[in-house]
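The following block contains a protein sequence and its predicted model.
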Amino acid sequence: MAVLRLLAWLFLLLAVIALVSDLTRANATGTFVHTSLYAYWELQAPQSLASFARFVQRTLHARLWDPVLVRVLVLPAWGVLGALGLLLGVLARKKRRVNIYAN
């Protein structure tokens, strides 16, 4: 659970960094243009993006890559990373212990 919480915080931090980057660019140019997760991934590690695409197409299904995952990857990076961070945070939250007393 601690690893999931750490990953959740990491994804949320990356989402904030991506949002600040987009807002800074919007402040400089005067128009808001979001940067997709696909663009960040292609800029930072294009070979791993190609390897991931080949893995999904060969192992899982070819149609899973193009209409499904590509649509997710072209969404704003801050939205995808933030949603993933929130999802991991909810999954890794500490469960409250409920004490039930019977008289």
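Arrived safely. These numbers come from a predicted model, not from an experiment.

which element is the residue most central in space within the chain on?
Nearest to the geometric centre of the chain sits L81, at 2.6 Å (CA atoms, centre = their mean). Here L81, judged by DSSP states H and E, is contained in helix 77-91.

low-confidence ranges in the protein?
103 (pLDDT under 70).

tell me the domain boundaries of it?
Here the domain assignment for the chain is 1-34+77-93, 36-75, based on automatic domain parsing.

And the first one, how far out from the chain middle?
Going by CA atoms, centre = their mean, to the nearest Å, the spacing between the C-alpha centre of domain 1-34+77-93 and its chain's C-alpha centre is 7 Å.

Contacts made by stretch 5-20 with the rest, please.
Residues outside stretch 5-20 that contact it (CB atoms under 8 Å, 6 or more residues apart in numbering): 35, 40, 76-79, 81-82, 84-86, 88-89, 92. Any C-beta I mention is one placed from the backbone N, CA and C, and that applies to glycine too.

Please identify the buried residues of that stretch?
For stretch 5-20, burial by neighbour count (16 or more other CB atoms under 10 Å) applies to 7-8, 11-12, 14-15, 18-19.

about what we covered before: the residue nearest to the centre of the chain is in contact with T35, isn't it?
No - the pair L81 / T35 is not scored as a contact, 11.4 Å apart, by CB atoms under 8 Å.

Which element, helix or strand, includes F32?
Applying DSSP H and E, one finds F32 in no helix or strand.

and it, how many neighbours does it have?
10 (other CB atoms under 10 Å).

Going forward, the N-terminal residue is numbered 49.
Renumbered: residue one is now 49, and that last one reads F80.

Please name the nearest non-neighbouring residue to it.
Excluding the flanking residues, the one nearest F80 by CB to CB, 6 or more residues apart in numbering is A74, at 4.1 Å.

Next secondary structure after the helix or strand harbouring that neighbour?
Assigned by DSSP H and E, A74 belongs to helix 50-77. Using DSSP H and E, the helix or strand that follows helix 50-77 in sequence is helix 85-92.

Quick check: buried residues in the following helix or strand past that following helix?
Towards the C-terminus, the helix or strand next in line after helix 85-92, according to DSSP H and E, is helix 94-103. For helix 94-103, burial by neighbour count (16+ other CB under 10 Å) applies to 97, 101.
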